[in-house]
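Asks: Okay, predicted coordinates and the sequence, questions at the end:
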Amino acid sequence: MTATMIKEFRLPDLGEGLTESEIVSWKVGVGDTVSLNQIIAEVETAKAVVELPSPFAGVITALHEQPGTVVEVGKPIVSFEVLDDAGNQTAAAAPAEPALPKREPNLVGYGAVVESTGRPVRRQRTLVEPAPVVEPAPVVEPAALVEPVETKPADTASAERPRSTPPVRKLAKDLGVDLGSVTGTGPTGLITRDDVRNFVGGGDLPAAAQELAAQEAAPQPASPQGEREVRTPIKGVRKFTAAAMVNSAFTAPHVTEFLTVDVTPSMELLARLKESKAFAGHKLTPLTLVAKAVLIALRRNPGLNARWDEANQEIVQFNYVNLGIAAATPRGLTVPNIKDADRLALVDLSAALAELTDTARAGKTSPGDLSGGTISITNIGVFGIDAGTPILNPGEAAILAMGAVRKTPWEYRDQVALRQVMTLSLSFDHRLVDGEQGSRFLADVGALLADPGMAFAMA
Amino acid sequence: MRRYHESCRGMVTRRQKVAATVVTDDAGRGGTSAGQDNNAGHQGGAGHGMVQLITPSGERVSHPEYDPWVRDVSDEQLCSLYEDLVVIRRIDKEATALQRQGELGLWPPLLGQEASQVGSVRSLRDDDFIFPSYRENGVAYCRGVDLADILRVWRGAASGGWDPYTVNMAIPQIVIGAQTLHATGYAMGIQNDGADSAAIVYFGDGATSEGDVNEAMVFAASFQVPLVFFCQNNHWAISEPVRLQSHTQLVDRGAGFGIPSMRVDGNDVLAVMAATRVALDRARRGGGPTFIEAVTYRMGPHTTADDPTRYRDPNELEDWAAKDPIGRVHALLDRKGLFTEEFEAGVRTKADAVARELRAGCTGMPDPEPLDVFKHVYSTPNSWLDRQQDHYSRYLASFGDPAGATQEEGAR
């Protein structure tokens, strides 16, 4: 008598350091009996089309992937029913050290499969209390697309990553703690495991936030596996965000326009400014220039810096700009704004942007910073996204989404050249902004980014 | 047919023809396709003939200069050579499959080069020392390296598979051509010892473009060391054809260094054996180094991560399939009435057993411990390394915090 067992074959790294391969065709079907090393499939990697020989002798019980599918290395692609008796071919592969458990294929570039022998004993993972989802003090009008701008602080001193060790970083990641917000108590400010735990316990949170944390105790999915669905009560930032989005999307008729721009000159300018003395210690990013371009363009197109006041049946034209920046924070989406951004010189604007994002990411944005915005920018480019149809921050007439800066073949001086190209997506409230105004504004922003020298003409 | 190159100056080459697409060499004298022309685009070569003792169709042809060197090869030994050829092809096939099954990180197939490897290694004495490249896995098998040890490094389970001194064969050298310098140095040591053993160094056609190989040849000639430069010209340095790397035949390079050179059919196990014996004999008698160009063909990819169809004409493969190193010995044994069913079954059984042992040794191989990476770097204690090891141990230990939420990274 022979027993059988099911064995899976996981897609190996067929080249050196490949992460995926495409199944071109199967040479076998479910129910087929195959011998060891019989070709079962043809697979195309980034390097070559190769044939896969069967690692087992047995009967095919399942093909997990269809031809044409790109499969990640390490995923099961085929299952076998394998005879488990001594006379079977696979049994020929009996390990030299019989005590060793059957080893799984070792995937190059993916690390050794964990074995129970000879390694430090891994203890049962201890589930730590879930990180409370902390809500900000009275949130005002969160909205728009997510945007973590960039996380690095402005000044070089704090530009360093918070000091900690990989296990502590892992712990913080698991608990959803931003290490930037944790004060280290270890040697030379090293953040320790206890610091992270204390932070989760509320040690470093503002009192108000702690209260909210206590109220919420939102069950962050505490089950890494097991349950197939997790139900989380809708509250906190999520609830505000949802309400604001619905309100905005269903009251303001949105129009979105797109413009793709060769921003190479802006990128060059950025590089020059970074070198200059005036900007030493300041963080300059594409966002800084886009923000400046928006501010300059608004002077010629003030109609986008306005508000539809439904209650009073009035259009409010702002003669100042509170520039909102959508930020993804540990607590969710917020859109803090820079007051009177139009009065700031570029260097001050860059500092204000850095401060705003730092504060937002530390979860310390005050209600004042979140209210009173007049127009917003969302930087979806940091996620590698080109364009979108952003939803207006309620009460504002326009929001600009900046896409990723990509090297792209582009017309340049009647030739095709590799240029740095960005797509701008502008949504505006069609109740008070006409297509012409919106288009002119977007064209101006684009012109400024395509040729920063245009600032002289427009200023 | 000339044996050595040194007196061949001024010969008019007949190797001017360049085929439109198919670039093959003339291992197929008397064979099916390439005929007499070395159409690899060589210019100005001195016209080395290629030593061949068994034609692709299995005919044993006589050669006055080389026959004496293999006169002692009995029918029995011929059968045993055949077995080795078949077994190493099987090893190669099994290892390639193991790579495709995720058991090996990489494998450099030797398919097509069996005769070059078997013929040369089987000419050596036990006290001769071998310096291989990374493709000499057939040489390792014939030298008696444990099957699992051959795979150890390709599985990433060790930095080297075996103790070189147990079999007098160094571990595979990945750096192209670097082993030629090691071999030259070793051969200088043999000289200093006053021993009559020799060293042999394996490298490919691509390696001849490396500085190391040229430096090694200069030194070997200067000191007249007992060393055999065994160049397997498999025609492709990954995707670079040999004709681009050398506008003369590779064998002609030896003359520039004052090293006697031979060009031999690398798919003819007897011819390779004869040439290697000639070279070893010279080395043992104080005659200095010899350069052998074994003209063969890499039938497979450069490694399992390579796709030769992207750069190679399929017709070329067909040409060389007709010059198969195993097929011609099979045919020769057949002519001699030695290829019986019993013999064939015996060889098959042997190959099957070796393949099984190879697979078992591979899949059952334990993974190294993380700290093993510090072993074998220095032979004596080294404070810097000790410090790094200490740091790394503590790093690994940090994942074992009893209250720790996770130790996952430590396992990677």
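Replies: Done, it's in. Computed from a predicted model, the values in this text were never measured in an experiment. Residues are numbered from 1 along each chain as shown, chains lettered A, B, ... in the order given.
Asks: List the buried residues in the helix or strand encompassing A:Asp348.
Replies: Assigned by DSSP states H and E, A:Asp348 belongs to helix A:346-361. By neighbour count with 16 or more other C-beta atoms under 10 Å in any protein chain shown, helix A:346-361 contains the buried residues A:346-347, A:349-361. Yep, even glycine has a C-beta here, placed from its N, CA and C like the rest.
Asks: how about the helices in chain A?
Replies: A:166-175, A:193-200, A:207-216, A:236-251, A:264-275, A:286-300, A:346-361, A:367-370, A:435-450, A:454-458 (DSSP state H).
Asks: Any chance of JSON lines for those, columns mean pLDDT and distance to chain B?
Replies: Formatted as JSON lines, the helices of chain A follow (pLDDT from 0 to 100; distance: least, C-beta to the nearest C-beta, whole Å):
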{"stretch": "helix A:166-175", "mean pLDDT": "82", "distance to chain B": "5"}
{"stretch": "helix A:193-200", "mean pLDDT": "82", "distance to chain B": "7"}
{"stretch": "helix A:207-216", "mean pLDDT": "45", "distance to chain B": "19"}
{"stretch": "helix A:236-251", "mean pLDDT": "82", "distance to chain B": "24"}
{"stretch": "helix A:264-275", "mean pLDDT": "92", "distance to chain B": "34"}
{"stretch": "helix A:286-300", "mean pLDDT": "95", "distance to chain B": "33"}
{"stretch": "helix A:346-361", "mean pLDDT": "90", "distance to chain B": "23"}
{"stretch": "helix A:367-370", "mean pLDDT": "80", "distance to chain B": "33"}
{"stretch": "helix A:435-450", "mean pLDDT": "95", "distance to chain B": "40"}
{"stretch": "helix A:454-458", "mean pLDDT": "87", "distance to chain B": "48"}
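Asks: could you dump the ones you listed to a markdown table with distance to A:Val71?
Replies: Shown next, in a markdown table, are the helices of chain A (distance: least, C-beta to C-beta, whole Å):
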| stretch | distance to A:Val71 |
| --- | --- |
| helix A:166-175 | 27 |
| helix A:193-200 | 37 |
| helix A:207-216 | 40 |
| helix A:236-251 | 34 |
| helix A:264-275 | 37 |
| helix A:286-300 | 36 |
| helix A:346-361 | 36 |
| helix A:367-370 | 45 |
| helix A:435-450 | 40 |
| helix A:454-458 | 49 |
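Asks: roughly how far out does the helix or strand where B:Gln99 lies sit from the chain middle?
Replies: Using DSSP H and E, B:Gln99 sits within helix B:75-100. Put simply, helix B:75-100 sits 14 Å off its chain's centre (C-alpha atoms, centre = their mean, to the nearest Å).
Asks: Any residue of that helix touching chain A?
Replies: Yes - judged by C-beta under 8 Å from any C-beta of the partner chain, helix B:75-100 and chain A are in contact via B:Lys93, B:Glu94, B:Ala97, B:Gln99, B:Arg100.
Asks: List the buried residues for that helix?
Replies: Within helix B:75-100, the residues that count as buried by 16+ other C-beta under 10 Å are B:78-79, B:81-100.
Asks: Same check on stretch B:317-333?
Replies: Buried residues in stretch B:317-333 (16+ other C-beta under 10 Å): B:317, B:319-320, B:322-333.
Asks: thinking again about what came up before, could you say what helices and strands the helix holding B:Gln99 packs with?
Replies: strand A:49-53, helix B:114-121, helix B:137-143, helix B:147-152, helix B:269-284, helix B:325-335, helix B:341-363 (3 or more C-beta pairs under 8 Å, 6 or more residues apart in numbering or on different chains; DSSP states H and E).
Asks: how close does B:Gln99 get to A:Ile23?
Replies: 18 Å (C-beta to C-beta, to the nearest Å).
Asks: returning to what we had before: would you check which pair of the buried residues of helix A:346-361 lies furthest apart?
Replies: A:Leu346 and A:Arg361 (22.6 Å; C-beta to C-beta).
Asks: low-confidence ranges in the chain?
Replies: Just so you know, I chose chain A. A:1-2, A:84-160, A:202-226, A:331 (pLDDT under 70).
Asks: try again with chain B
Replies: B:1-48, B:401-412.
Asks: how about a cut-off of 80?
Replies: The model of chain B has pLDDT under 80 over residues B:1-48, B:400-412.
Asks: which residues in it form strands?
Replies: Secondary structure of chain B by DSSP state E: the strands cover B:129-131, B:199-204, B:227-233, B:236-237, B:240-241, B:261-265, B:290-295.
Asks: what would these look like in a markdown table with mean neighbour count?
Replies: Shown next, in a markdown table, are the strands of chain B (neighbours: other C-beta atoms under 10 Å in any protein chain shown):
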| stretch | mean neighbour count |
| --- | --- |
| strand B:129-131 | 26 |
| strand B:199-204 | 28 |
| strand B:227-233 | 30 |
| strand B:236-237 | 21 |
| strand B:240-241 | 15 |
| strand B:261-265 | 30 |
| strand B:290-295 | 30 |
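Asks: Of all the ones you listed, which one is nearest chain A?
Replies: With C-beta to the nearest C-beta, the closest approach to chain A among those belongs to strand B:236-237: 14.9 Å.
Asks: strand partners of the closest one, parallel vs antiparallel please.
Replies: Strand pairing for strand B:236-237, determined by DSSP bridges: strand B:240-241 (antiparallel).
Asks: How about the contacts made by B:Gly211?
Replies: B:Gly177 (C-beta atoms under 8 Å, 6 or more residues apart in numbering or on different chains).
Asks: if you set the cut-off to 10 Å instead, what comes out?
Replies: B:Gly177, B:Leu181 (C-beta atoms under 10 Å, 6 or more residues apart in numbering or on different chains).
Asks: how near is the closest residue to B:Phe291 other than its chain neighbours to B:Arg135?
Replies: Among residues not flanking B:Phe291 along the chain, B:Gly254 sits closest, at 3.5 Å (C-beta to C-beta, 6 or more residues apart in numbering or on different chains). Using C-beta to C-beta, B:Gly254 is found at 21 Å from B:Arg135.
Asks: Then B:Asp126?
Replies: B:Asp126 sits 23 Å away from B:Arg135, going by C-beta to C-beta.
Asks: next one: A:Ser350
Replies: 57 Å.
Asks: picking that back up, I'd assumed B:Phe229 was in contact with the residue nearest to B:Phe291.
Replies: Yes - the criterion here is C-beta atoms under 10 Å, and B:Gly254 meets it with B:Phe229 at 7.5 Å.
Asks: which residues are common contacts for those two?
Replies: Common neighbours of B:Gly254 and B:Phe229, counting by C-beta under 10 Å, 6+ apart, are B:Met217, B:Ser261, B:Pro289, B:Thr290, B:Phe291, B:Ile292, B:Glu293.
Asks: which residues touch the closest residue to the fourth one other than its chain neighbours?
Replies: Nearest in space to B:Thr290, with sequence neighbours left out and distances taken as C-beta to C-beta, 6+ apart, is B:Ala279 at 3.6 Å. If a contact means C-beta under 10 Å, 6+ apart, then B:Ala279 has B:120, B:123, B:198, B:200, B:226-230, B:260-262, B:287, B:289-292 as its contacts.
Asks: change it to 7 Å
Replies: If a contact means C-beta atoms under 7 Å, 6 or more residues apart in numbering or on different chains, then B:Ala279 has B:Val228, B:Thr290, B:Ile292 as its contacts.
Asks: How about A:Val50?
Replies: Counting by C-beta under 7 Å, 6+ apart, the residues that A:Val50 touches are A:Leu14, A:Val43, B:Arg100.
Asks: Now with 8 Å, please.
Replies: Counted by C-beta under 8 Å, 6+ apart, A:Val50 has contacts A:Leu14, A:Glu42, A:Val43, A:Glu44, B:Arg100, B:Thr304, B:Asp307.
Asks: In PyMOL, how would I select the buried members of the residues you listed?
Replies: This is how PyMOL selects the buried members of these, with burial counted by 16+ other C-beta under 10 Å:
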select buried, (chain A and resi 14+42+43+44) or (chain B and resi 100+304+307)
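Asks: For the stretch 101-250 of chain B, what lies in contact range of chain A?
Replies: So far as C-beta under 8 Å from any C-beta goes, the stretch 101-250 of chain B lies against chain A at B:Gln101, B:Gly102, B:Glu103, B:Gly105, B:Leu106, B:Ala148, B:Arg155, B:Gly156.
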